[in-house]
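Student: give me coordinates for this.
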Amino acid sequence: MAKVKLSKEMKARIRVPWSKALIVKVYGRLVGFHYLTFKINASWKPMAKMDCVTLGRDFILIRFSSINDYDKVLRGGPWIIGEYFLAIKPWEPYFKVFEAKLTSVVVWVRFSELPIEFYDAFILKEIGSVIGLVLRIDFYTTSKTKGGYARLRVQIDLDKPLKQFYMRLLALFGWED
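Tutor: Residues are numbered from 1 along each chain as shown. So this is what the prediction gives:
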């Protein structure tokens, strides 16, 4: 097999067009490319041009013209098409669909009846970190204007069993059996 050696400058140049791109995969069902792109456009409502490229093995690359659209989608969500979850991650160099494995998802987690004294950003991040990486705390939660539940957006590692998170939360609050 022939090898091509690319300079750092050349690699940087060919990667620039993909710097505002996301890798997307639908979980739970095979969805057609045209249907998916139609639904994504309707859901995300991009302000600027958005290109969709099928990569194979049910992966799609979404390239944004606008950094605002890119950030809105990456930081928003979780995104659902129909009743199926979209796994989204930033594009990365050397992404190969045959070796790809999306190992995390972003979800909103609700903590019902959490005592109001726990509605502190630091404490909520500590609680959420038991489950995964806390990406965002709901505005109503941080402003303490709704006390029925706290809501956090958390990135969950799919390789870890959910029971492990549940047991760690019980231990955190001293609710062990």
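Student: tell me what the residue nearest the centre of the chain is bridged to.
Tutor: Central residue of the chain (C-alpha atoms, centre = their mean): V106, 4.1 Å from the mean position. Note on V106: beta-bridge partners by DSSP bridges are Q155.
Student: adjust the sequence numbering to begin at 10 for everything that follows.
Tutor: In the new count, where the first residue is 10, that last one comes out as V115.
Student: which ones are touching it?
Tutor: Going by C-beta atoms under 8 Å, 6 or more residues apart in numbering, V115 touches 86-87, 97, 144, 162-165. From N, CA and C alone the C-beta is placed, and that goes for glycine too.
Student: swap the cut-off to 6 Å and go again
Tutor: Contact partners of V115, counting by C-beta atoms under 6 Å, 6 or more residues apart in numbering, are 86-87, 164.
Student: look up how far L83 lies from it.
Tutor: According to C-beta to C-beta, to the nearest Å, V115 and L83 sit 9 Å apart.
Student: likewise for T112?
Tutor: Where L83 is concerned, T112 sits at a distance of 17 Å (C-beta to C-beta).
Student: of the two, which one has the most company?
Tutor: Between T112 and L83, counting by other C-beta atoms under 10 Å, L83 is the more crowded of the two (16 against 12).
Student: surely that one is within a helix?
Tutor: Yes: with DSSP: H, G, I helix; E, B strand; the rest coil as the criterion, L83 is located in a helix.
Student: only the buried members of the contacts of V115: can you turn that into a PyMOL selection?
Tutor: Paste this into PyMOL to select the buried members of those, with burial taken from 16 or more other C-beta atoms under 10 Å:
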select buried, resi 86+164
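Student: show me where the chain has its strands.
Tutor: Taking DSSP state E, the strands of the chain run over residues 30-36, 59-65, 68-73, 88-90, 93-99, 113-121, 142-146, 158-166.
Student: so can I have a markdown table of those strands showing mean pLDDT?
Tutor: What follows is the strands of the chain, written out as a markdown table (pLDDT from 0 to 100):
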| stretch | mean pLDDT |
| --- | --- |
| strand 30-36 | 88 |
| strand 59-65 | 93 |
| strand 68-73 | 94 |
| strand 88-90 | 81 |
| strand 93-99 | 83 |
| strand 113-121 | 79 |
| strand 142-146 | 85 |
| strand 158-166 | 83 |
